[in-house]
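A.B. asks: sharing a model that was predicted from the sequence below.
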Amino acid sequence: MDKELLKKAKKLIKDQYGEAFAKKATDAFCLHNMGAFAIPVARSFGAESLNATSTSETPQSGVIVEFKEETVQKSTAQNESFTVSQRVSEFMDALKGEEKLTFNLQQIFRQQKMKEYREKIIKSIQPLNSFLERNIERAFTHGTKSLQQQPYLTKVCWLNQTVRTIADSGSLAEVASDPQITKLDIPRKIFREINDTGNTLFAPQYRQKFSQKGKGIIAAVIDSEIALNHNAFGNRVMHRSNYTKEPWGNPDSHGTGVAGIIGSEDNVFIGMA
């Protein structure tokens, strides 16, 4: 990356839209606004061994607004939620052998908690989201393009607490100082990576606490063909059944990646077990 070009891009953003905007704008956002954006190529487990090539694509229009992460409350401070959870747990414990009913209750309780969490996120984002939509509508009033030609004004994703919007930088500058907003970025292609999977799901902590590393356990992977000769597997992969008309000998990055997530011994891409 051209450091001098990035420096100029950041200064331009700061001069035009203010310090708060510049602090939250990513490098890619700043460079994209200067017309000098290039998508970085990320590594994907399995692709290297198969000589797979990555292609870059021009990112779609719009801006990604990231919001402050809303942590899930796990303390007993929320007396009502805790009481309900405790009662459900006690009831399920009393069922003992009724596994199917217990499972159904767990699913219902989990779905209810997810619904509450989703509504909470959407409610917290809505004021800023509505402001952006109003600004977009006013901007199009004075423009030449029809608002009906646009696929969306804003799109809220409650799972990662982001808003994708076609609002211009001027509108974003008016809300950039809001503490709820943590980052301004651009849409980009997502690449498959597994190097963070274990840490995300606390696999290292689990292995340490229970002294379990998957030794002696056989995992079945029903997917595309796994690359037997990948260095991360050693001699631990065996092809058992082929459910396709394609003969063995055509390994694919997806099946190899899935197997790697389970049991890779690569120094960078460490598997769950």
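C.D. replies: The structure has been received and is ready for your questions. Numbering: from 1, shown residues only.
A.B. asks: average pLDDT for stretch 225-244, rounded please.
C.D. replies: Across stretch 225-244, the average pLDDT comes to 93.
A.B. asks: in it, which residues are buried?
C.D. replies: Buried positions in stretch 225-244, judged by neighbour count with 16 or more other C-beta atoms under 10 Å: E225, I226, A227, H230, A232, F233, V237. Just so you know, the C-beta spots here come from the backbone N, C-alpha and C atoms, and that holds for glycine as well.
A.B. asks: all strands of the stretch 1-150 of the chain, in order?
C.D. replies: For the stretch 1-150 of the chain, strands defined by DSSP state E, counting those that start in this stretch occupy the ranges 63-67.
A.B. asks: low-confidence regions, the stretch 101-250 of the chain specifically.
C.D. replies: Within the stretch 101-250 of the chain, the ranges that satisfy pLDDT under 70 run 101-103, 141-149, 192-194.
A.B. asks: now do the helices in it.
C.D. replies: 169-173, 197-200, 203-210 (DSSP state H, counting those that start in this stretch).
A.B. asks: chain neighbours aside, what residue packs nearest to the most centrally placed residue in the chain?
C.D. replies: The residue lying closest to the centre of the chain (C-alpha atoms, centre = their mean) is N160, at 6.5 Å. Excluding the flanking residues, the one nearest N160 by C-beta to C-beta, 6 or more residues apart in numbering is E66, at 7.8 Å.
A.B. asks: neighbours around that neighbour, how many?
C.D. replies: Residues contacting E66 under the criterion other C-beta atoms under 10 Å number 18.
A.B. asks: that one against C157, yeah?
C.D. replies: No - counting by C-beta atoms under 8 Å, E66 does not reach C157; the two are 10.0 Å apart.
A.B. asks: what's the nearest residue to V156 if we skip its chain neighbours?
C.D. replies: V163 is the one closest to V156 (C-beta to C-beta, 6+ apart), at 5.4 Å.
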